[in-house]
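Student: give the three-dimensional model of this entry:
(chains A, B and C)
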Amino acid sequence: MAKTNPGRFFEDYQLGQVIDHAVPRTIKMGERALYHALYPARHALHSSDAFAQSCGLPFSPLDDLVTFHTVFGKTVPDVSLNAVANLGYAEGRWITPLWPGDTITATSEVIGLKENSNGKTGVVWVRTTGRNQHGETLLSYVRWVMVRKHHLDVPAPETVIPDLKPALEVGDLVIPEGLDFTGYDFALAGEPHRLGDYEVGETIDHVDGVTVEEAEHMMATRLWQNTAKVHFDATFRPDGQRLIYGGHVISMARALSFNGLANAQMIVGLNGGAHANPCFSGQTIKAWSQVLDKAETDRPGVGAIRLRLVATKGGAPFELKGEDGKYLSDVLLDLDYWALMPV
Amino acid sequence: MAKTNPGRFFEDYQLGQVIDHAVPRTIKMGERALYHALYPARHALHSSDAFAQSCGLPFSPLDDLVTFHTVFGKTVPDVSLNAVANLGYAEGRWITPLWPGDTITATSEVIGLKENSNGKTGVVWVRTTGRNQHGETLLSYVRWVMVRKHHLDVPAPETVIPDLKPALEVGDLVIPEGLDFTGYDFALAGEPHRLGDYEVGETIDHVDGVTVEEAEHMMATRLWQNTAKVHFDATFRPDGQRLIYGGHVISMARALSFNGLANAQMIVGLNGGAHANPCFSGQTIKAWSQVLDKAETDRPGVGAIRLRLVATKGGAPFELKGEDGKYLSDVLLDLDYWALMPV
Amino acid sequence: MAKTNPGRFFEDYQLGQVIDHAVPRTIKMGERALYHALYPARHALHSSDAFAQSCGLPFSPLDDLVTFHTVFGKTVPDVSLNAVANLGYAEGRWITPLWPGDTITATSEVIGLKENSNGKTGVVWVRTTGRNQHGETLLSYVRWVMVRKHHLDVPAPETVIPDLKPALEVGDLVIPEGLDFTGYDFALAGEPHRLGDYEVGETIDHVDGVTVEEAEHMMATRLWQNTAKVHFDATFRPDGQRLIYGGHVISMARALSFNGLANAQMIVGLNGGAHANPCFSGQTIKAWSQVLDKAETDRPGVGAIRLRLVATKGGAPFELKGEDGKYLSDVLLDLDYWALMPV
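Tutor: Numbering: from 1, shown residues only, chains lettered A, B, ... in the order given. I've put the predicted structure just below:
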């Protein structure tokens, strides 16, 4: 019996199946320091214990995307080792902040299956839940991937396509306990713009750019224990290029968005996302955002802003799709998320 | 109204103006580990809690240059986003060590202004102060930069050039509370040379070299939340090169100086410094030092040594300037600082 | 008197000499985070406090190779600065786990000397011991290197070749206090294979590969304060290449071996090892293992497995030496070690 993990194929998934992902991970301040070294992250609530305390939190939680990447990394050996494509995200909700010292585990439930008409691949929907050592949910999200079939003669499963929300509503969002933006220090945070200063439809060019390197994206991706060969092994693809983990682009774009959205402090909802084109070393990532929605919450001074975050490797800001409805070739990422911001 | 930070232009500064820099930062052991990964730093007092305790400190403080870089990084969006050149440093004093867990904030006061005769640029002098969460001063230094004017028709301000000391005297230096070198372990520290073994005028070739990489200098510079585009965006300069943050060269040269100055444990004063030539990825940094002065202090066993630290990218050691009085093209850095060393 | 360290030459070693290595080092969680960023390390006991606690430990110790690299790094200025070749390892035993916050010091005793017949070089055997701040031994191992003579007219010392075990026996291994694998969670650990599932002689292809970059191996090697010029200075070798520290290959191969040996949790013995060929940036490291021996221990549920770990930069798995008995040119490392695994 082979000792190595061949990964699951499409016929290995059943509706309702629950997969406990391996290798729990304790996250502390070392991971936070690395996050700041790998991305130009400057949101004050994730940078300073004192600032977080002034917002009602006991101290500074890890960046919300650290939770996402760590949980996502755990799912790779079970969900996407034989994936052909990462198709989408939905209903992502951050429930509990990630505190230094927490140990993360993750499980996924198969909530949808659809074999493709070619009989060689299928789409698998999973709802993944990351938990801390107390069993509290840190993050829950739905992801769907296209996976190869190994035994083509296995009959197709009944098609079940989950009913997913096109976007979370503000009432779906969970706001960290104690969060209070009434004493928010805009000068320390870096920008004066509050929720009321943003208009739905408004676009923001984040101006800055970062040229990415092989060593960086590999260190970032390993940090989350994401093992997909295509990110690390230059002999894996015929073109000799290492495909950059899509999450590296998400974190880079989110960090760049500080310049114009410094007060969009915490990510609490992921409505959807597309990795529009592959990203490779040597490309220069820039970002722009569009305000999709905004709302007040029941917490003191805390508003919610729904944003489209677009990462590009060139081209003009605010251009997304061509006349054919397809993403332009310079667009890397189109992400739809909710963040918390002082009203 | 544009949401992104355009940076300040020359006409935006007024004498006496105080700028509170954004994004406080909590520094812990993760940053220390990264400092050791990014630079060949081996000074024992910053490497070992036990060694620091044998020198009378509660535990090992972060490298003095971590304080400098973090405070410097905070100033970039307000001081040097539109800078044409970083002209000099003076009167830098480390007042309180940086302990793991401390949160750093920074403010700058404009102490000098001089519009250039071309009417298109001017020089701005700022005294920057970094503080910890208790309001104690960690570091204070003066820096002056040449900044572009945006509105050329704004009248020139009155010229005020601050009166700066060419070098700190030993009495200006603040020695960390409790520091005691009477029980100093030279074997553990790595070299037998005490203050009495160095002569004023003596030069030391630090022998070792490090070839620098894009991923390293970008990680280092991001770690200090320094956002200057020129360090990260390969599309920013016409030549497609990323300019390496001058502080990266300072830290690299200081770490290399261990070999010959292993007992120059803590930096307590910065007298001046020039980034003589730009540094780019692929260059090999070497360093040499010259003893400029030395003195005893009122603390047990603690002496002070004033050093010129020169970083080069080639050429012979101990060569600095040509017959025209200009830095040789291989010289990257000429730094003048005070360090503490057992007598 | 030159202030820099010229390193020891062959004639500078005497039998029985004890060398206290410089620069003690405190290791905390930052180093652990970096270890996960630099290597695809996933062994659960070193990844999660909660998992380590379920195995009877107070929390997760640092990876056993962190201990090895840190101790090894301390020895470089005294043992291998003028080394021509790193010839071998033997009798390596991990005695006490490395806990976050521990301060490491190291000493070496010269236990063998043999001048080569050319009169220009000699072989030095040292037994190196790494200790924590309590004086407890963390790790002890024998290493032998070929070192240049500086003064060729110094008479050859009496030849003493130490009597070293070809391999440790299971009774030589020290098992961490409290370790108990009776409640071991194979699903969380990532693989179902227990000691009983492996057969002596069995080979395992670890499948995954990692292409290595200059920035990564330099950061890793610096992290252990290893100062050998050849790893950092591209001007040092005539071919302009930086030789990758052999320990970087060890850690990379060990991390890759997770895929097939996820339950070989802790390294407790190093029987021998050869760096068969040099490794350079741009090469893709893969790994395979062979089971050499296995045994039960007196601890609950804890077995020991002796493994050959081979790292390659190409070629087919399971090929090691040519008909001439020499390592094939694609083989980078041939390591023989004992690890602990649930029975």
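
Student: every contact and neighbour count from this point should use C-alpha atoms.
Tutor: Fine.

Student: what lies in contact with the lowest-mean-pLDDT helix or strand in chain A?
Tutor: Least confident helix or strand, chain A: strand A:83-94 with a mean of 94, by mean pLDDT, DSSP states H and E. With contacts defined as C-alpha atoms under 8 Å, 6 or more residues apart in numbering or on different chains, strand A:83-94 is touched by A:64, A:80, A:138-148, A:164-168, A:173-174, A:267-275.

Student: partner strands of that strand, parallel or antiparallel?
Tutor: strand A:137-148 (antiparallel), strand A:266-275 (antiparallel) (DSSP bridges).

Student: how far away from the center of its chain is it?
Tutor: 8 Å (C-alpha atoms, centre = their mean, to the nearest Å).

Student: how about stretch A:236-253?
Tutor: 14 Å.

Student: re earlier: among the contacts of strand A:83-94, name the buried ones.
Tutor: A:64, A:80, A:138-148, A:167-168, A:173, A:267-275 (16 or more other C-alpha atoms under 10 Å in any protein chain shown).

Student: need the residues of the stretch 201-343 of chain A near chain B, please.
Tutor: Contact residues, the stretch 201-343 of chain A versus chain B (C-alpha under 8 Å from any C-alpha of the partner chain): A:204-211, A:213-216, A:259-261, A:284.

Student: hmm, which two among the residues you listed are most spread apart?
Tutor: The span of those, defined through C-alpha to C-alpha, is set by A:204 and A:215 at 29.9 Å.

Student: where do the strands sit along the stretch 1-150 of chain A?
Tutor: For the stretch 1-150 of chain A, the strands defined by DSSP state E, counting those that start in this stretch occupy A:18-20, A:25-26, A:83-94, A:103-115, A:121-131, A:137-148.

Student: of those, which approaches residue B:103 most closely?
Tutor: The nearest among those, by C-alpha to C-alpha, is strand A:25-26 at 23.4 Å.

Student: and residue A:308, what is it in contact with?
Tutor: Contacts of residue A:308 (C-alpha under 8 Å, 6+ apart): A:289, A:290, A:291, A:292, A:334, A:335, A:336, A:337.

Student: could you tell me which residues make contact with the residue lying closest to it once chain neighbours are set aside?
Tutor: Excluding the flanking residues, the one nearest residue A:308 by C-alpha to C-alpha, 6 or more residues apart in numbering or on different chains is residue A:336, at 4.6 Å. Contacts for residue A:336 (C-alpha under 8 Å, 6+ apart) come out as A:270, A:271, A:272, A:273, A:306, A:307, A:308, A:309.

Student: the last one reaches residue A:254, doesn't it?
Tutor: Yes: with contact taken as C-alpha atoms under 8 Å, residue A:309 and residue A:254 are classed as touching, separated by 7.4 Å.

Student: these two - which one has more neighbours?
Tutor: residue A:254 (27 against 22; other C-alpha atoms under 10 Å in any protein chain shown).

Student: including pLDDT and distance to residue B:243, could the contacts of residue A:336 go into JSON lines?
Tutor: Shown next, in JSON lines, are those (pLDDT from 0 to 100; distance: C-alpha to C-alpha, whole Å):
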{"residue": "A:270", "pLDDT": "98", "distance to residue B:243": "36"}
{"residue": "A:271", "pLDDT": "98", "distance to residue B:243": "38"}
{"residue": "A:272", "pLDDT": "98", "distance to residue B:243": "37"}
{"residue": "A:273", "pLDDT": "96", "distance to residue B:243": "34"}
{"residue": "A:306", "pLDDT": "98", "distance to residue B:243": "36"}
{"residue": "A:307", "pLDDT": "98", "distance to residue B:243": "33"}
{"residue": "A:308", "pLDDT": "98", "distance to residue B:243": "32"}
{"residue": "A:309", "pLDDT": "98", "distance to residue B:243": "28"}
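
Student: need the max-distance pair from those residues.
Tutor: Farthest pair in those, by C-alpha to C-alpha: A:273 and A:306, 13.0 Å.

Student: please save the CA atoms from stretch A:85-103 in PDB.
Tutor: Output in PDB follows, covering the C-alpha atoms of stretch A:85-103 (Å, rounded to 0.1, in the frame of the first residue of the first chain):
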ATOM      1  CA  ALA A  85      -9.800  24.800 -10.900                       C
ATOM      2  CA  ASN A  86     -10.800  26.800  -7.800                       C
ATOM      3  CA  LEU A  87     -14.300  28.000  -8.900                       C
ATOM      4  CA  GLY A  88     -15.700  30.200  -6.200                       C
ATOM      5  CA  TYR A  89     -16.300  31.200  -2.600                       C
ATOM      6  CA  ALA A  90     -19.500  32.100  -0.800                       C
ATOM      7  CA  GLU A  91     -21.000  32.700   2.600                       C
ATOM      8  CA  GLY A  92     -17.700  33.300   4.300                       C
ATOM      9  CA  ARG A  93     -18.200  34.500   7.900                       C
ATOM     10  CA  TRP A  94     -15.600  35.300  10.500                       C
ATOM     11  CA  ILE A  95     -17.200  34.300  13.800                       C
ATOM     12  CA  THR A  96     -14.500  34.600  16.400                       C
ATOM     13  CA  PRO A  97     -11.200  36.500  16.200                       C
ATOM     14  CA  LEU A  98      -7.900  34.500  16.100                       C
ATOM     15  CA  TRP A  99      -5.800  35.300  19.100                       C
ATOM     16  CA  PRO A 100      -2.100  34.500  19.500                       C
ATOM     17  CA  GLY A 101      -1.700  31.100  21.000                       C
ATOM     18  CA  ASP A 102      -4.900  29.600  19.400                       C
ATOM     19  CA  THR A 103      -4.700  26.200  17.800                       C
END
